[in-house]
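Visitor: Following is a predicted model, sequence given first.
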Amino acid sequence: MADNKDITKSSNQSVQHVKTEGSEPSFDNFEQRRRILKGAAVAAPLMMTVASRPALGMGARCTPSAWVSGNLSDHKEDRHSCGGKSPGYWKNHDWGGTGCYPGSGEWSKWSGKWGGGSKWNKWSKDYKSDSDGTPFHEFSRSGRRRGIFPGRFYGDKTMMEVLWSKGHEDPHQLGAHIIAAYLNAKTIPDYGMTPREVVNMYDQLRRTGYYRPGSGGHRMSAEEVVLFIQNTFSYSDKYSYSR
Amino acid sequence: MAESVRWRAISAFTLHWRSWGNEHVVYNAGSGDTHLFNDLAALILRALQEKAATLDELSQLCATSFNQDEDEELQAQLNELLLELDRLGIIERIH
């Protein structure tokens, strides 16, 4: 059983040593299953969340130049702590403090009935198809707002629409990752890049097909830039959590 | 509307699981957050890691897994759970 002490212990462990195999939920016992569902009806399935705040950049390759200075072949195994959030995160979280606007959103109503027959309603916001958010590109014909990035590759799409783009519309998911990096840079102190550096990264990629951090050094392709940005999402196995 | 919405786990990040009896601790490598789930939440998240599913499909899965009839109370609870997992950045809606 996981009491608070166990959870703290778990949180301080190396996450790479937490194996999925052999620890998956099993529901072999029929009576246990019935008890679980009955219990679940009166208890919150999501019982607790411990929000962790990383010590940013400790030993991490959080900047492009630090990332390319490592052995590129080793990057798949990197688990660093740069505090970045993913494109998926920015699809459904608050953009406050970013200076960008996700869109006004449409409220979706979820309805149902409780066991006793009384009705419940739940509302949540859906930004996916909004066209009034901050445009991706600096000069957008349709947008009332000024966008962020130079060029015209994504047309008049908003940043949120680029986040939701299908694969063929956003090769390597470059646009989605650049947006995530930009919003991270806007909101996360000590993130590996400033917002201006993220814009410059995209600008250099679209003009030349590669990005070269600093002076000289390795030329990063769009795929490598995406890998670098993804590297800022993950965490080191040396990382110690703070609660 | 809500009935046709499909959900899936956000695949960009690894979720690290550890279970004690009917309690499950999940560490999200993307957010750095650690969550404590009961069996119902664990079953749902596991299913959404496998493939996208609608509320109805998840409700059927729960009913089958726990050998129970589907009812509105279960659906309402699952709906609340999905919205909470969405808010936490663990799953996402696909249309």
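Guide: Now that the structure is in, tell me what you want to look at.
Visitor: give me phi/psi at residue B:93?
Guide: The phi/psi pair for residue B:93 (degrees, to the nearest 10) reads phi -80, psi 140.
Visitor: Number of residues surrounding the nearest residue to it once chain neighbours are set aside?
Guide: Of all residues not flanking residue B:93 in the chain, residue B:5 sits nearest, at 5.5 Å (CB to CB, 6 or more residues apart in numbering or on different chains). To be clear about C-beta, it is placed using only N, CA and C from the backbone, and glycine gets the same treatment. Residues within reach of residue B:5, counting by other CB atoms under 10 Å in any protein chain shown, total 16.
Visitor: ok, residue B:5 touching residue B:56?
Guide: No. Judged on CB atoms under 8 Å, residue B:5 makes no contact with residue B:56 at a distance of 10.3 Å.
Visitor: Going along the chain, name the helices of chain B.
Guide: Assigned by DSSP state H, the helices in chain B fall at B:39-50, B:55-65, B:72-87.
Visitor: tell me the most buried of the ones you listed?
Guide: The highest average neighbour count among the helices of chain B, using mean count of other CB atoms under 10 Å in any protein chain shown, belongs to helix B:39-50 at a mean of 22.
Visitor: what's the angle from that one to helix B:55-65?
Guide: On the basis of axes from the mean of the first three to the mean of the last three CA atoms, to 10 degrees, helix B:39-50 is oriented at 120 degrees to helix B:55-65.
Visitor: Are helix B:39-50 and chain A in contact anywhere?
Guide: Yes. Legend: contact between helix B:39-50 and chain A by CB under 8 Å from any CB of the partner chain is shown at B:39-44, B:46.
Visitor: Specify which member of the residues you listed is nearest to residue A:228.
Guide: Nearest to residue A:228 among those: residue B:46, at 30.8 Å, using CB to CB.
Visitor: any low-confidence regions in chain A?
Guide: Residues of chain A that meet the criterion pLDDT under 70 lie in A:1-44, A:46, A:50-60, A:69-81, A:107-117, A:119-130, A:140-144, A:215-217, A:234-243.
Visitor: Which parts of it are strands?
Guide: Using DSSP state E, the strands of chain A run over residues A:46-50, A:106-113, A:119-126.
Visitor: Now do the same contact list for the closest residue to residue B:7 other than its chain neighbours.
Guide: Leaving aside its sequence neighbours, residue B:7 sits nearest to residue B:91 (CB to CB, 6+ apart; 5.2 Å). For residue B:91, the contact set (CB atoms under 8 Å, 6 or more residues apart in numbering or on different chains) comprises B:7-10, B:45, B:48, B:82, B:85.
Visitor: Among those residues, which one lies nearest to chain A?
Guide: Chain A has its nearest neighbour among the contacts of residue B:91 in residue B:10, at 4.0 Å by CB to the nearest CB.
Visitor: Test my guess that the closest one contacts residue B:92.
Guide: Yes. Look at residue B:10 against residue B:92 with CB under 8 Å: they come within range, at 5.2 Å.
Visitor: Overlap in contacts, those two.
Guide: Taking CB under 8 Å, 6+ apart as the contact rule, residue B:10 and residue B:92 both touch residue A:88.
Visitor: what's the neighbour count on residue A:96?
Guide: Residue A:96: 9 surrounding residues under other CB under 10 Å.
Visitor: Against chain B, how distant is it?
Guide: From residue A:96 across to chain B, the span is 15 Å (CB to the nearest CB, to the nearest Å).
Visitor: do the same with residue A:164
Guide: With CB to the nearest CB as the criterion, residue A:164 and chain B are 9 Å apart.
Visitor: Over to residue A:196?
Guide: Counting by CB to the nearest CB, the gap from residue A:196 to chain B is 25 Å.
Visitor: Over to residue A:182?
Guide: Residue A:182 sits 17 Å away from chain B, going by CB to the nearest CB.
Visitor: Residue A:174 too?
Guide: Going from residue A:174 to chain B by CB to the nearest CB gives 14 Å.
Visitor: Next, count neighbours for the spatially closest residue to that residue that is not a sequence neighbour.
Guide: Closest residue to residue A:174 apart from its sequence neighbours, by CB to CB, 6+ apart: residue A:222 at 4.9 Å. Using other CB under 10 Å, the number of residues around residue A:222 comes to 20.
Visitor: what are the ranges of the helices in chain A?
Guide: With DSSP H applied, chain A shows helices at A:4-11, A:30-42, A:64-69, A:87-91, A:159-163, A:174-187, A:195-208, A:222-231, listed in chain order.
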